[in-house]
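[1] Whatever this is, show me its structure:
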Amino acid sequence: MNVDKSLVVYPESYVVLDIETTGFSAENDEIIELSAVKVVDNKVVDEFSQLVDPQRYLSTHIINLTGISQEMLVGMPNIKEALAEFVEFISDNMIMGHNVTFDIGFINNKLQKHYNTTLDNDYIDTLAIARKFLPDLKSKKLGSIATYFKFNTDGMHRGLKDCVVTNMCYQKFLQMHKESQLQQVNALGLTF
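    Now for the predicted structure:
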């Protein structure tokens with residue numbers, strides 16, 4: 001993954017992704033949920049969510065954080081099987097996520113291990129956008145931003161809900177961007 005693949009543009013078509021994991025180390029921990037929401041012209045058109053059997057026990061902390069229990073993962077596909085479908089869903093679309101380099105790093109670690117490849121999609125990180133538009137907001141965590149915008153945060157720390165909330169926050173940032181552009185144009189006295 002190239003760091004310079006992060007773009008400073010505001011696309012209207014993209015795939016928001018989020019994963020849940022057994023911990024913070026892409027090398028030593030496993031993915032337990034892969035989720036994504038496909039957006040075309042700022043409208044959600046499809047979604048993907050798959051629990052993944054990590055073939056290890058979950059810590060109490062992860063169970064409490066995500067609400068994903070060991071029992072929920074019984075009979076679920078392993079990461080190799082789940083990744084194949086997930087990558088097909090993402091295709092060559094632009095990727096978006098909150099602190100998305102964490103998710104991409106995990107996904108690429110598993111793709112490299114099982115398929116000797118990595119994602120090469122351009123991506124946008126809503127954490128970086130939040131730093132621009134909400135500089136005074138103390139915490140830039142997704143839940144804090146959602147609360148700031150008065151979005152419903154029930155069920156967060158599950159992949160699909162986090163994708164939906166990330167998209168809602170991005171749409172708000174997109175609106176703020178368009179308003180700031182309009183203010184700049186008006187300040188210069190330009191008309192189109």
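[2] Now do the contacts for the residue most central in space within the chain.
    Taking C-alpha atoms, centre = their mean, the centroid of the chain lies closest to Gly97, which sits 2.8 Å from it. For Gly97, the contact set (C-beta atoms under 8 Å, 6 or more residues apart in numbering) comprises Val16, Leu17, Asp18, Asp103, Ile104, Tyr123, Asp125, Thr126, Cys163, Thr166. Every residue, glycine included, has its C-beta placed from N, CA and C.
[3] so the third one touches Asp103, yeah?
    Yes: the pair Asp18 and Asp103 qualifies as a contact (C-beta atoms under 8 Å) at a distance of 6.3 Å.
[4] burial count for Met176?
    Using other C-beta atoms under 10 Å, Met176 is surrounded by 15 other residues.
[5] next one: Asn186
    Neighbour count for Asn186, taken as other C-beta under 10 Å: 10.
[6] in which helix or strand would I find it?
    Per DSSP states H and E, Asn186 falls inside helix 159-188.
[7] What is that helix packed up against?
    The contact analysis (3 or more C-beta pairs under 8 Å, 6 or more residues apart in numbering; DSSP states H and E) places helix 159-188 against strand 14-21, strand 31-40, strand 43-51, strand 95-97, helix 126-133, helix 142-148.
[8] Okay, angle between the longest one and strand 14-21 too, please.
    Interaxial angle, strand 31-40 versus strand 14-21 (axes from the mean of the first three to the mean of the last three C-alpha atoms, to 10 degrees): 170 degrees.
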